[in-house]
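K.L.:
dropping a prediction and its sequence here:
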Amino acid sequence: MKNPTVIVVDDAPIFQAGLAAALRGEGFDVVAIASDALTAISEARRHRPALVVLDVLMPGISGLDVVDKITDASPETKVVLLTSSDSEEDLLTAIKAGASGYIIKDTPFPKLVAAMHEVVKGGAVVSPKLAARLFDVVAHLLRNRDLNATRRPSLTGREVEILQWIADGRTSREIGEQLYISENTVKNHVRNILDKLGMQSRHEAVRYAEHAGLLNRR
């Protein structure tokens, strides 16, 4: 059976080399190594690997911002993100973008490699610490599902417009520039949106708004 192909993307040379060596030692064919997210896209298009292992925090474009671009370039490729933080919002962003794994970067290499094998076989992996946060988010959504399903939120036109920009991946600063309002004004609108919807994060609000038909598909 052919060894699964993988691209390792990380801007830290020591970690990059260590992970590549660990993967090779456990039956992976490392077809490329990259140090930035844009190179990851071009290498994925070139090699169409089974897996891309991608650091979240890199110079320039974040790994979170290119998950969907990698899978667009190579639909059969699975993406596992490595992170140094336990940010709930980043975890939800990764899931929404289509990542198959989200793992704390200080995980020992043997466990990292085992997680990669699981993803290649069709599974999904989340570090235990992050899995607990994910269950918290799911529990919150389930607690609020009935309430939100029975009443349409009284969002203003401006709030719906800002939600649409958030769904398009824009930051508060970028939204402010588009709408000719201050970044703080945008953040105030976002707080009002979350309060009205009973949500804890922008991504929860966007998911609800999409489900409720409040947003346009672009």
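P.N.:
That came in fine, so what should we check first? Numbering: from 1, shown residues only.

K.L.:
for this structure, where's the lowest mean pLDDT among helices and strands?
P.N.:
Taking mean pLDDT, DSSP states H and E as the measure, the chain has helix 128-150 as its least confident helix or strand, at a mean of 67.

K.L.:
what's the end-to-end length of stretch 62-71?
P.N.:
15 Å (Cα to Cα, to the nearest Å).

K.L.:
what does stretch 67-87 give?
P.N.:
17 Å.

K.L.:
also stretch 162-182?
P.N.:
13 Å.

K.L.:
and it, what's its mean pLDDT?
P.N.:
For stretch 162-182, mean pLDDT rounds to 90.

K.L.:
next one: phi and psi at the residue nearest the centre of the chain?
P.N.:
The centroid of the chain falls nearest to residue 94 when counting by Cα atoms, centre = their mean (1.4 Å). Backbone torsions of residue 94, given as degrees, to the nearest 10, read phi -60, psi -40.

K.L.:
any idea which helix or strand carries residue 185?
P.N.:
According to DSSP states H and E, residue 185 maps onto helix 183-197.

K.L.:
next SSE after that helix?
P.N.:
Next element after helix 183-197 (DSSP H and E): helix 202-211.

K.L.:
pLDDT on that next one, on average?
P.N.:
pLDDT averaged over helix 202-211 gives 84.

K.L.:
count the neighbours of the spatially closest residue to residue 60 that is not a sequence neighbour for me.
P.N.:
The spatially closest residue to residue 60, leaving aside those adjacent along the chain, is residue 36, at 5.7 Å (Cβ to Cβ, 6 or more residues apart in numbering). Using the backbone N, CA and C atoms, a C-beta is placed for each residue, glycine as well. By other Cβ atoms under 10 Å, the residues close to residue 36 number 17.
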